[in-house]
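# Predicted model follows, preceded by the sequence.
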4 protein chains.
Amino acid sequence: MNQDKRAQASTTTTARPWMGQSWPRSSTGRSSLVEPLPHHISCEALHVTFRAEPSAIANLLPPDLEPLDTGEGWVMIAEMAKVSASNPEQMWRDPSRSSYNECVLGFYCRFGDRIGRYSALVWVDRDWSLGMGAIFGWGKRLGTIDRTRHQATNPAFDEKTHTLGGTVSRYGRRVLDIAVTFEDGGDAIDALPGHAASTFLYRYIASPAPDVPDIEQLFELGFSNVSMSGIKQGAGMLSFGDAEDEDLDLLGKVEITGGYAYQRGWTTDRQARLLKDYTAG
Amino acid sequence: MNQDKRAQASTTTTARPWMGQSWPRSSTGRSSLVEPLPHHISCEALHVTFRAEPSAIANLLPPDLEPLDTGEGWVMIAEMAKVSASNPEQMWRDPSRSSYNECVLGFYCRFGDRIGRYSALVWVDRDWSLGMGAIFGWGKRLGTIDRTRHQATNPAFDEKTHTLGGTVSRYGRRVLDIAVTFEDGGDAIDALPGHAASTFLYRYIASPAPDVPDIEQLFELGFSNVSMSGIKQGAGMLSFGDAEDEDLDLLGKVEITGGYAYQRGWTTDRQARLLKDYTAG
Amino acid sequence: MNQDKRAQASTTTTARPWMGQSWPRSSTGRSSLVEPLPHHISCEALHVTFRAEPSAIANLLPPDLEPLDTGEGWVMIAEMAKVSASNPEQMWRDPSRSSYNECVLGFYCRFGDRIGRYSALVWVDRDWSLGMGAIFGWGKRLGTIDRTRHQATNPAFDEKTHTLGGTVSRYGRRVLDIAVTFEDGGDAIDALPGHAASTFLYRYIASPAPDVPDIEQLFELGFSNVSMSGIKQGAGMLSFGDAEDEDLDLLGKVEITGGYAYQRGWTTDRQARLLKDYTAG
Amino acid sequence: MNQDKRAQASTTTTARPWMGQSWPRSSTGRSSLVEPLPHHISCEALHVTFRAEPSAIANLLPPDLEPLDTGEGWVMIAEMAKVSASNPEQMWRDPSRSSYNECVLGFYCRFGDRIGRYSALVWVDRDWSLGMGAIFGWGKRLGTIDRTRHQATNPAFDEKTHTLGGTVSRYGRRVLDIAVTFEDGGDAIDALPGHAASTFLYRYIASPAPDVPDIEQLFELGFSNVSMSGIKQGAGMLSFGDAEDEDLDLLGKVEITGGYAYQRGWTTDRQARLLKDYTAG
């Protein structure tokens, strides 16, 4: 079934119109938490890379994804924008449906001999972004995400060497802090080291009924329209806080390997490829 | 497969432990947005009943659920508490994971000749409550939900006749207001009229891949440990606001039929019964 | 000048009407952050008493207030309601302007040979409550305040012995936790031990100009219409968190002396008595 | 008395140290809501200018400030940064104490024959910014302030002509919306028309006691270290919402005269000049 037909599928089972990219659906689809895909996404990001013990990383990897020997991971904190292709005017008519903040903690890992990126823990500050988690298998929860605004006209930013930071908290406890110091404005570089792989998605949604299987699937997803600009390299800092139920303590001690700032844009669409369906068999 | 075995299912596919009632899962399950079911729930509720045109109600009913000729619906706004049976101490150690506010707008409806309740639109103010929507098919989104606190020691509550209100807003626009006036303290009654049916669940989660079907299922769910107390009857008020993308305008003009306050408690568990799977065939 | 005349004072200096209990003022006074006083206040409180070193307490007492040798202090966390006497319908028309949560950390202390209560640190979750700080000299800042909702219909509250808790966080860090365990439902008592004194207010507002003095004043304030009900005694717990810039570390180790739950109501009005004006010279 | 001595004034009245730029004060001053002045401020602003009837504007002007015949006013919505000169590292260690959003609605007006700017209504989203209102007489209240993030890498921003918007809501109701359309990227200009005057401050803080006068003062304040960059001109839009108690309905119909985007930076310090003290006599 192609994508457009799929979107209309339930309409054919009833005389009534019935639409919406996500719950709650209605005859118009407007009430849906998630707006029609694809979404054009962009970020003004601060990014710190680290290495952890591969066996520690395994605590945060789903079945069939294996840690790399290098133990490479990253934390990104960004001020972001989302624009549903179906409603480009929303970004100025109702910016609370477009602007958001996000933190991703992820790892490079393997599915068989394919290497990719996996976003293990994600914190966002809008429900419509959280709602994407059920569709794409991202581990999104709500958090409070703040980052330094590097506004050049601020008298405090007079000096070229500066440090930018980002913090995440959840239910009144600090989850993590990152910071990057840019000596003399930082080194402009052409590309973020090692950041080109596609992404793995692990989707798990429990069933409400004893005799209906849970949803448990592994996918691979690429993004389109990807572009980056303004990549600067500096010296990274990262520390984990004492927030409960975040499982960051499972990572043990990590070694910081880099710090960056950049802008990045892409388009997210329902173009994933199923790698494994755990409930099928 | 029984429920306990189901919860461990993915563990059997890998040497690594892998747990969690919802995303994000981990080796411990602690990072999960939703805590282990069952959940013990309670509410201190304000409740207004109304009638709308059945054809208008149909705009908010999923395929195969049909409006009643009586057009009966309700709005409930409550201060609530949730306690995961797996962690009863959390309610005092971390009340932000237990206390929440909720508004439900629902309708009585039919599946074939079975009558039940359907929660069409739900607003909550905690992400862990929103996360239940993906499991149980509730149309939960985040909103700001406020209600009058009827604290008897407040000098403003000296008079026995009083009015209690509740409001919901979302992204800075008013969704709806309700209020109930209790003359001379209100009439104590034994049961809420017509509120005994089980509930229908409509679960829709879009697929991330073009060749993997969306999840679209209809369930029936009963609750256990149900109790009510302190039911009082008064005169209800209800008005819908101008919030965007809420689809309340689809209901047209509604007729208020009652107003109530009560406490209610129950246990929510994964004991639903599948009525129809739209994606199965 | 009596109070009513005082409220109109600025009107007499101009042909234009100009009103409002606080900034921002206007020709109608409606835009004012704080609504017209008096305010009827009530709370559903959890309350833990403690003893600290008097010399440690002195770190949080303004000039001329001296700690008692007994070192008595308390922390109260409550779900609260405020009703401006000028607008009693607001509590149901717009409960977000009436319902709030508050935590007070205070001490008994002396001004000369007068003993009273002093609220050293206060956290609230509404700006209109914070705005009272400038008028009355309360140390209010915004925090996230949560407490257990003891709803009797919740299946988790089946047992008579239960624990209620409250937490405060600020800018994503935990400020403090309290909890009270009520064995067999707790002991009903007639009055909270030692809680009858009037309150001291310390009011400090920096001047915007080098040659205009800061405001620095000490007042005494009593409340009217005071009533309490449902006082229960249990065993208290209290711990301070790692939130920055809260100065709770100055208290050192404290000894818990009691734990209570109660409802309390009163009226707050501009009936304070000036004890000392530091800026008068 | 010079400024440094003034800051220490209360220390001289007691043996105990006692500090803090605002309530709540302590022996260290750390608990203060407002951090030590001066503050370095910057904004990434969207700005719409309008004309209203001078008699309508007078509803929002304090005694002795008179509207201009031209009826010029503006609305600015910005993502902002504040850095206390006393703690420059805070901007990256704890960005939630540095990043904020603000909306200002102001007018040009006259004090005698002096022309200046007056910020009549201000909405911010941090308590430490709100706390500046008591010191400087700004009409700050909390609101939810959102604006479009114009991130060039977002695929939705491919076209050079674009519209940026900003919205303010308060207690779940829309206060106002602005937007500016920049044809072909907008016209770069050197300075914002007519924006060079100093500012008037109206400071009103009610007294807690019947026999102590309210604080009511008019000041003039200039800023230092002022710089602007990236000024672009476009076509403005502005509409007022239905939020209660905002007094925007007093302005009647307004005529839009311009739309701009810019960055601006300055330093705010306690360098105001008293124009009139209403309580002095």
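Arrived safely. Numbers count the residues shown, from 1 in each chain, chains lettered A, B, ... in the order given.
# The residue nearest the centre of chain A pairs with what?
With distances taken as Cα atoms, centre = their mean, the residue of chain A nearest its centroid is A:Val104 (5.1 Å). Residues in a beta bridge with A:Val104, per DSSP bridges, are A:Met76, A:Val122.
# helix/strand/coil for the nearest residue to A:Ser27 once chain neighbours are set aside?
Once flanking residues are discounted, A:Ser27 sits nearest to B:Asn59: 4.0 Å by Cβ to Cβ, 6 or more residues apart in numbering or on different chains. Just so you know, the C-beta spots here come from the backbone N, C-alpha and C atoms, and that holds for glycine as well. Secondary structure, DSSP: H, G, I helix; E, B strand; the rest coil: B:Asn59 is helix.
# Distance check, B:Asn59 against B:Leu250.
When Cβ to Cβ, to the nearest Å is the yardstick, B:Asn59 and B:Leu250 sit 4 Å from each other.
# Next: A:Gln233.
Distance from A:Gln233 to B:Leu250, by Cβ to Cβ: 53 Å.
# pretty sure the residue nearest to the centre of chain A contacts A:Val75?
Yes - using Cβ atoms under 8 Å, A:Val104 is in contact with A:Val75, at 7.2 Å.
# Measure how far the host helix or strand of A:Gln233 is from the centre of its chain, please.
Per DSSP states H and E: A:Gln233 is located in strand A:224-240. Offset of strand A:224-240 from its chain centre (Cα atoms, centre = their mean, to the nearest Å): 14 Å.
# do the following helix or strand past it and chain D meet?
Going down the chain from strand A:224-240, the next helix or strand is strand A:255-268, by DSSP H and E. Yes - applying Cβ under 8 Å from any Cβ of the partner chain, one finds strand A:255-268 touching chain D at A:263-267.
# Name the residues contacting each of B:Asn59 and B:Leu250.
Between them, B:Asn59 and B:Leu250 share these contacting residues under Cβ atoms under 8 Å, 6 or more residues apart in numbering or on different chains: A:26-28.
# Tell me which stretches of the stretch 1-150 of chain A form strands.
For the stretch 1-150 of chain A, the strands defined by DSSP state E, counting those that start in this stretch occupy A:39-51, A:66-67, A:72-84, A:99-111, A:114-124, A:140-142, A:144-147.
# could I get these as JSON lines with mean pLDDT?
Output for the strands of the stretch 1-150 of chain A, formatted as JSON lines (pLDDT from 0 to 100):
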{"stretch": "strand A:39-51", "mean pLDDT": "98"}
{"stretch": "strand A:66-67", "mean pLDDT": "96"}
{"stretch": "strand A:72-84", "mean pLDDT": "98"}
{"stretch": "strand A:99-111", "mean pLDDT": "97"}
{"stretch": "strand A:114-124", "mean pLDDT": "97"}
{"stretch": "strand A:140-142", "mean pLDDT": "98"}
{"stretch": "strand A:144-147", "mean pLDDT": "98"}
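# Whichever residue of the stretch 101-250 of chain A sits closest to chain B: neighbour count?
For the stretch 101-250 of chain A, the residue closest to chain B is A:Gly139, as judged by Cβ to the nearest Cβ, at 2.5 Å. Residues contacting A:Gly139 under the criterion other Cβ atoms under 10 Å in any protein chain shown number 27.
# Which positions in the stretch 151-281 of chain A make contact with chain C?
Near chain C, when you scan the stretch 151-281 of chain A using Cβ under 8 Å from any Cβ, you find A:167-174, A:242.
# Of those, which belong to strands?
Using DSSP state E, A:167-170, A:173-174 are the members of these that sit in strands.
# Extract the residue ranges of chain A that are flagged as low pLDDT.
Within chain A, the segments meeting pLDDT under 70 span A:1-14, A:195-196, A:280-281.
# I'd say the residue nearest to A:Ser27 and B:Gly252 touch.
No - contact between B:Asn59 and B:Gly252 fails when scored by Cβ under 8 Å: they sit 9.5 Å apart.
# Kindly export stretch A:134-154 (C-alpha atoms) in CSV.
Output in CSV follows, covering the C-alpha atoms of stretch A:134-154 (Å, rounded to 0.1, in the frame of the first residue of the first chain):
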residue,chain,number,x,y,z
ALA,A,134,5.6,6.2,19.6
ILE,A,135,5.8,6.4,15.8
PHE,A,136,9.6,6.3,15.4
GLY,A,137,10.7,4.4,18.5
TRP,A,138,12.6,7.3,20.0
GLY,A,139,13.0,7.3,23.8
LYS,A,140,11.5,10.7,24.3
ARG,A,141,10.3,12.0,27.7
LEU,A,142,9.7,15.6,28.8
GLY,A,143,12.6,17.5,30.5
THR,A,144,13.7,21.0,31.0
ILE,A,145,16.4,21.8,28.5
ASP,A,146,18.4,25.1,28.7
ARG,A,147,21.4,26.3,26.7
THR,A,148,23.5,29.4,26.6
ARG,A,149,22.4,31.9,24.1
HIS,A,150,25.5,33.2,22.4
GLN,A,151,24.2,36.6,21.4
ALA,A,152,27.1,38.6,20.1
THR,A,153,25.7,42.0,21.2
ASN,A,154,25.8,41.0,24.8
